[in-house]
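Peer 1: predicted coordinates and the sequence they were generated for:
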Amino acid sequence: MNHLDSPWRLSVAPMMEWTDRHCRHFHRLITRHTRLYTEMVTTGALLHGDVPKHLDFDAGEHPVALQLGGCDPTELARSAKLAQTWGYDEVNLNCGCPSERVQRGAFGACLMREATLVRDGIAAMREAVDLPVTVKHRIGVDRTESYEFVRDFIGTVAEGGCRVFIVHARNAWLQGLSPKENRDIPPLRYEIVHRLKQEFPQFTIALNGGITRNAQIAEQLASVDGVMVGREAYHHPSLMAGWDARFMQAGTAPADAADVEPDDGWREAIEARMLEYIARQQAEHGIPWAHIARHMLGLWHGRPGARRWRQVWSDHRLKHTPVAEVARLATAARRGTIAADTPRDETACA
């Protein structure tokens with residue numbers, strides 16, 4: 001358990017409308033070894049839509065996994081082949097999303113009630129590709145809090161060849177709660193995930209849900225093989241600054257992994273590299289800077305002037321202003337040289 005070379009020791013969760021390729025580039029500037037995931041991409045979008053739009057990524061993002069949404073084994077297998085062709089390191093099947101739209105598509109968390117179908121989908125994908133095929137799921141569906149339910153789900157899915165299970169330690173309530181409420185209201189039950197690891201020592205079991213501090217990561221790694229962090233990594237990215245050294249190097253002592261904030265120089269260096277990336281994306285692909293910069297709004301979280309810095313980067317009046325000038329204004333606002341709401345040349349924002 002807890003081998004330092006496990007690909008799933010630390011990862012950032014797939015998050016819709018957040019973990020696109022620009023977000024992943026930003027995260028990769030902070031942590032080199034943490035496993036990154038795409039947003040969920042449906043099999044229909046891949047098989048009938050714009051494949052490059054959904055699958056293109058930069059080689060620097062490795063290790064990177066594609067999360068699929070779907071339930072038909074044939075379509076899953078075809079989509080997994082695309083993932084392998086495009087160079088992904090893993091295919092992950094979403095069995096945890098509780099949204100109504102996903103339910104209408106008969107996938108996501110409702111698949112936990114269809115363990116044999118999930119098994120068949122996993123088997124079809126493993127037959128089609130050489131990549132690891134994994135599952136991300138909840139510990140239960142609706143208000144039934146039976147350990148036997150999730151135990152039997154894993155046991156059945158494993159018959160299809162799955163050996164890696166990423167477990168969100170909450171039930172998914174398919175009725176009565178929004179996706180946002182489903183991330184907060186069903187209680188966290190880490191002990192269920194720990195018990196799964198004890199019962200299935202031959203499988204990789206990673207825990208997801210409610211992790212906000214490095215001390216929690218260290219605590220969980222004593223009981224499971226990996227930890228996946230979601231919203232906290234996005235909103236407070238400096239949390240990831242020490243992950244490579246603290247959790248993924250020989251001789252690391254996870255128990256000593258305190259939450260130590262990096263200094264301002266570290267943040268300035270990351271910001272400078274993101275500005276280079278934004279400028280390159282604008283020049284080569286015409287991507288508006290705001291589409292990329294939104295992912296780094298948490299960079300100065302907790303530091304003096306962070307709110308003023310965010311306000312400048314979020315100001316829609318600046319969307320046509322050159323990114324270098326926006327960066328200059330944001331830095332000045334953070335340092336208190338100018339107010340974040342200083343009137344600007346409207347011709348630059350037309």
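Peer 2: Thanks, I have it. Numbering: from 1, shown residues only.

Peer 1: my guess is residue 114 meets residue 71, correct?
Peer 2: Yes. Between residue 114 and residue 71 there is a contact under Cβ atoms under 8 Å: 7.3 Å. (Each C-beta comes from the backbone N, C-alpha and C, glycine too.)

Peer 1: neighbour count: the two, which is higher?
Peer 2: residue 71 (20 against 17; other Cβ atoms under 10 Å).

Peer 1: so for the closest residue to that one other than its chain neighbours, what's the pLDDT?
Peer 2: Using Cβ to Cβ, 6 or more residues apart in numbering and skipping residues adjacent in sequence, the residue nearest residue 71 is residue 107, 4.5 Å away. For residue 107, the pLDDT comes out at 73.

Peer 1: quick one: low-confidence parts of this protein?
Peer 2: Residue ranges of the chain with pLDDT under 70: 1-4, 100-106, 250-259, 339-350.

Peer 1: hmm, 50 instead?
Peer 2: 1-2, 251, 253-255, 343-350 (pLDDT under 50).

Peer 1: domain map for it?
Peer 2: Per automatic domain parsing, the domain ranges recorded for the chain read 10-256, 264-349.

Peer 1: show me which positions of the longest helix seen in the chain end up buried.
Peer 2: Looking across the chain with DSSP state H, the single longest helix is helix 264-285. Within helix 264-285, the residues that qualify as buried by neighbour count (16 or more other Cβ atoms under 10 Å) are 267, 270-271, 274-275, 277-278, 281-282.

Peer 1: just after that helix, pick out the following helix or strand.
Peer 2: Scanning forward in sequence from helix 264-285 by DSSP states H and E, the next helix or strand is helix 289-293.

Peer 1: and the contacts of that next one?
Peer 2: 22, 274, 277-278, 281-282, 313, 316, 319, 323, 326 (Cβ atoms under 8 Å, 6 or more residues apart in numbering).

Peer 1: please apply the same query to stretch 135-155.
Peer 2: Under Cβ under 8 Å, 6+ apart, the answer for stretch 135-155 is 14, 67, 92-96, 98, 109-113, 115, 118, 122, 157, 162, 164-175, 189, 192-193, 195-196, 199-200, 203, 208, 228.

Peer 1: buried subset of those residues?
Peer 2: For the contacts of stretch 135-155, buried by 16+ other Cβ under 10 Å: 14, 67, 92-96, 98, 109-112, 115, 118, 122, 157, 162, 164-174, 189, 192-193, 195-196, 200, 208, 228.

Peer 1: filter those residues down to the ones in strands?
Peer 2: 67, 92-95, 164-172, 208, 228 (DSSP state E).

Peer 1: can you tell me which two in those residues are farthest apart?
Peer 2: Farthest apart among those by Cβ to Cβ are 164 and 171. That separation is 21.2 Å.

Peer 1: ok, now which ones touch the closest residue to residue 277 other than its chain neighbours?
Peer 2: Nearest residue to residue 277, sequence neighbours excluded (Cβ to Cβ, 6+ apart): residue 25, at 5.9 Å. Neighbouring residues of residue 25 by Cβ under 8 Å, 6+ apart: 58, 60-61, 277.

Peer 1: would you format the residues you listed as CSV with secondary structure included?
Peer 2: Output for these, formatted as CSV (DSSP: H, G, I helix; E, B strand; the rest coil):
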residue, secondary structure
58, coil
60, helix
61, helix
277, helix
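
Peer 1: max pairwise distance over these: which two?
Peer 2: Top of the distance list for the contacts of residue 25 (Cβ to Cβ): 61 and 277, 12.0 Å.

Peer 1: what is the burial count for residue 325?
Peer 2: Residue 325 has 13 nearby residues by other Cβ under 10 Å.
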